[in-house]
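Enquirer: build the 3D model from these lines:
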Amino acid sequence: MFNKILFATTGSPECDSAARVAFDMARQYGSKLTLFHVLGIPGKGDSNLVIDTRTGEEVDADAEYLEGVAEELRTTYANQLEALPGVEIEVAVGVPSREVLRIARAKDVDMIVLCGPSEGQQSGFYKRGVVGDNLRKVAKAARCPVLTVSRPSASFWGGFSNIVFATDFSKASESAFQFAKTVVKAVDGELHMFHCVDLSRFQSPIALTQDGIEAKLAESRRRLHHEYATQLGDFKRYTSEVWEGTPYVEIVKFARERQADLIVMAHHARDVDPDERPFGSTLEQVIVRASCPVVSVNRPDKLPQAAEA
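Expert: Model prediction:
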């Protein structure tokens with residue numbers, strides 16, 4: 001289903017959970033896996049000096065240094081590489097988000113796997129930017145789905161059984177649904193469709209009465225059935241729920257209640273051109289807080305095909 005997977009890693013322990021999922025996905029689907037690391041940001045002019053992204057020090061990124069970094073990656077992932085021969089290792093110099101997007105396009109990958117915020121970043125109050133500019137920029141511009149793993153995953157990709165599809169009924173959510181539908185059928189799992197009625201968006205006092213809230217909930221239930229359930233055909237292993245509240249809070253709670261192995265969401269709520277669509281704060285919040293991997297989908301370009309499942 002996923003012929004080519006790109007795993008972008010810093011090589012640090014924070015990426016271990018993402019590495020597990022990336023390697024297990026490649027093994028499950030017989031995918032071609034590329035292990036990719038951006039080692040530094042180039043300096044000015046024709047100099048080979050770069051600022052190492054891990055140490056912050058200035059280094060000479062000659063061929064010997066690049067090979068040394070690649071060898072370090074081979075050592076870090078030695079066990080996984082032994083179990084999965086044929087993994088490509090690529091090292092580049094440049095702005096990390098740009099290089100990830102560049103190699104993803106060049107290799108025409110079907111999935112990008114990224115590591116999310118570290119455990120230390122997850123503590124305390126959330127503030128915008130904790131997810132990181134690189135993750136935000138990759139998720140915004142990628143032509144293929146982007147899988148973010150922030151915490152140890154209870155199961156690997158091939159073992160996923162409970163998939164939560166969270167929708168805001170935007171155009172982008174249709175692409176996310178097609179992804180979720182194809183994957184859940186491929187793994188013979190259960191699909192849990194979910195929408196949260198965001199009460200903070202209602203300005204009218206009438207809309208915030210209990211009758212008004214109930215009317216919105218009923219309308220959303222009808223939309224879930226009409227726009228998504230009718231596309232499932234003979235597939236019956238699904239549920240649909242509509243809650244009210246703050247979307248990211250309710251999505252995380254719902255996923256935890258359903259013991260979800262994967263959350264699938266659209267890139268952003270608004271119906272605007274994908275190139276102009278900012279990284280949604282709801283998606284950011286879910287990535288930071290979810291106890292399972294999160295897939296963001298913002299385009300229909302590289303969705304898996306049901307025929308390949």
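Enquirer: for the closest residue to residue 15 other than its chain neighbours, give its distance to residue 240.
Expert: Closest residue in space to residue 15, ignoring its immediate chain neighbours: residue 115 at 3.9 Å, by C-beta to C-beta, 6 or more residues apart in numbering. All C-beta atoms are positioned from the backbone trio N, CA, C, and that covers glycine. In this view, residue 115 and residue 240 are 31 Å apart by C-beta to C-beta, to the nearest Å.
Enquirer: more crowded one of these two?
Expert: Neighbours per residue, other C-beta atoms under 10 Å: of residue 115 and residue 240, the larger number sits with residue 115, 24 against 18.
Enquirer: residue 244 in helix, strand or coil?
Expert: Secondary structure state of residue 244, per DSSP: H, G, I helix; E, B strand; the rest coil, is strand.
Enquirer: count of neighbours near it?
Expert: The burial count for residue 244: 17, using other C-beta under 10 Å.
Enquirer: what's the spacing between it and residue 212?
Expert: On the measure of C-beta to C-beta, residue 244 and residue 212 end up 11 Å apart.
Enquirer: for residue 197, same thing?
Expert: In terms of C-beta to C-beta, residue 197 sits 10 Å off from residue 212.
Enquirer: and residue 98, what does it touch?
Expert: Contacts for residue 98 (C-beta atoms under 8 Å, 6 or more residues apart in numbering) come out as residue 137.
Enquirer: host element of it?
Expert: helix 96-107 (DSSP states H and E).
Enquirer: ok, residues contacting the helix or strand just after that helix?
Expert: Later in the chain than helix 96-107, the nearest helix or strand by DSSP H and E is strand 111-115. Outside of strand 111-115, the residues within contact range by C-beta under 8 Å, 6+ apart are 2, 4-10, 14-15, 17-19, 21-22, 25, 31, 100, 104, 135, 138, 142, 144-150.
Enquirer: of these, which belong to helices?
Expert: Within those, membership in helices is found for 17, 18, 19, 21, 22, 25, 100, 104, 135, 138, as judged by DSSP state H.
Enquirer: in a markdown table, list those residues along with neighbour count.
Expert: Shown next, in a markdown table, are the ones in helices among the contacts of strand 111-115 (neighbours: other C-beta atoms under 10 Å):
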| residue | neighbour count |
| --- | --- |
| 17 | 17 |
| 18 | 24 |
| 19 | 20 |
| 21 | 24 |
| 22 | 33 |
| 25 | 22 |
| 100 | 26 |
| 104 | 25 |
| 135 | 25 |
| 138 | 24 |
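Enquirer: least confident pick among these?
Expert: Ranked by pLDDT, those bottom out at residue 135 (82).
Enquirer: right, and residue 262 touches residue 161 too?
Expert: No. Look at residue 262 against residue 161 with C-beta atoms under 8 Å: they stay out of range, at 9.3 Å.
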